[in-house]
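K.L.:
turn this into a structure:
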Amino acid sequence: MDPVRPTERPLLGGVSNSGPWGSSTAIVAAIATIIFVLHPATAGVYGLFIDELYFLACGEHLAWGYVDMPPLTALQAWLARTVLGGSVWAIRLLPALAGAGLVVLTAAITRRLGGRPFAQVLAALAVAVAPGYLAVDSLSMNSVEPLLWMGCVLVVIRIIQSEKRTLWIWFGVLVGVGMESKQTITMFAAALLGGLRTPAPQPDAPSVLVEQRRTQAVQRGDQADTPWNEHTRPARGDAGERLAHHHVWR
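P.N.:
Modelled structure (predicted):
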């Protein structure tokens with residue numbers, strides 16, 4: 001018997017016959033907007049954090065990498081100062097946008113997992129007020145990392161539900177971008193893929209880790225080979241090779 005494939009769901013929203021929570025899209029959008037406005041509005045209370053001064057200095061000397069970090073954070077600093085100016089509000093606008101996107105992705109993941117409108121709103125609100133995420137509103141290597149992690153999770157859920165294995169390419173792209181921000185995304189990717197290798201409860205459940213797509217995903221991530229990645233490869237090892245030959249592929 002062929003396994004039953006879950007019905008494709010829209011990213012947000014749901015049935016509209018359950019009272020005030022009938023359509024969660026507007027409420028989630030409102031929460032994300034509040035987060036996007038709140039962070040820049042309170043940015044000037046304490047001024048710049050000491051690490052932000054370092055990132056701004058790196059942004060004045062753009063390179064493919066630095067002694068202690070990949071290039072993406074410095075690029076964010078350069079973009080903020082070049083396009084928006086050097087105010088605290090301008091420097092923290094991109095992290096605020098990432099925080100708003102994290103709220104939207106959380107609701108989207110909840111929807112994909114079968115959550116109704118109330119669950120979507122509750123999940124979005126929980127992420128919006130989580131102290132751990134509220135603390136990364138400044139310019140840092142962590143400001144976009146949660147957004148990329150959640151993006152990887154959403155892609156994997158879509159692969160499982162739709163069996164569109166070509167989406168592994170986008171998983172690799174997100175991991176590759178994340179490696180230009182902070183290398184910890186490789187540990188997240190390894191843990192996520194290792195979890196997918198855990199035997200399914202149904203023997204006939206479709207496997208999403210098949211064909212050459214998985215290898216292509218790893219290659220897309222590890223092909224983000226800026227000189228910084230190449231320089232640190234002897235210390236951290238080849239992330240792509242480790243993933244490709246790890247037991248999660250066997």
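K.L.:
for Ile159, phi and psi?
P.N.:
Dihedral pair for Ile159: phi -60, psi -40, per degrees, to the nearest 10.
K.L.:
also Gly99?
P.N.:
Gly99 adopts backbone torsions of phi -60, psi -40, taken as degrees, to the nearest 10.
K.L.:
so what pLDDT did it get?
P.N.:
In this prediction, Gly99 carries a pLDDT score of 92.
K.L.:
and for it, the neighbour number?
P.N.:
Gly99: 25 surrounding residues under other C-beta atoms under 10 Å. The way it works is simple: take the backbone N, C-alpha and C, and place the C-beta from them, glycine included.
K.L.:
give me the number of residues near the closest residue to it other than its chain neighbours?
P.N.:
Take Gly99 and drop its neighbours on the chain: the residue closest to it by C-beta to C-beta, 6 or more residues apart in numbering is Ile35, 5.0 Å away. Per other C-beta under 10 Å, the neighbour tally for Ile35 reads 25.
K.L.:
how much space between Ile35 and Ala191?
P.N.:
Distance, Ile35 to Ala191, using C-beta to C-beta, to the nearest Å: 27 Å.
K.L.:
which SSE is immediately downstream of the one helix or strand Phe171 maps to?
P.N.:
Using DSSP states H and E, Phe171 sits in helix 168-179. Next helix or strand after helix 168-179 toward the C-terminus (DSSP H and E): helix 185-196.
K.L.:
break this structure down into its domains, please.
P.N.:
20-140, 144-250 (automatic domain parsing).
K.L.:
got the contact list for the residue nearest the centre of the chain?
P.N.:
The C-alpha lying nearest the average C-alpha coordinate of the chain belongs to Leu148 (C-alpha atoms, centre = their mean; 1.5 Å). Residues in contact with Leu148, defined by C-beta atoms under 8 Å, 6 or more residues apart in numbering, are 174-175, 177-178, 181, 185.
K.L.:
checking my notes, it in a helix, right?
P.N.:
Yes. The assignment for Leu148 (DSSP: H, G, I helix; E, B strand; the rest coil) places it in a helix.
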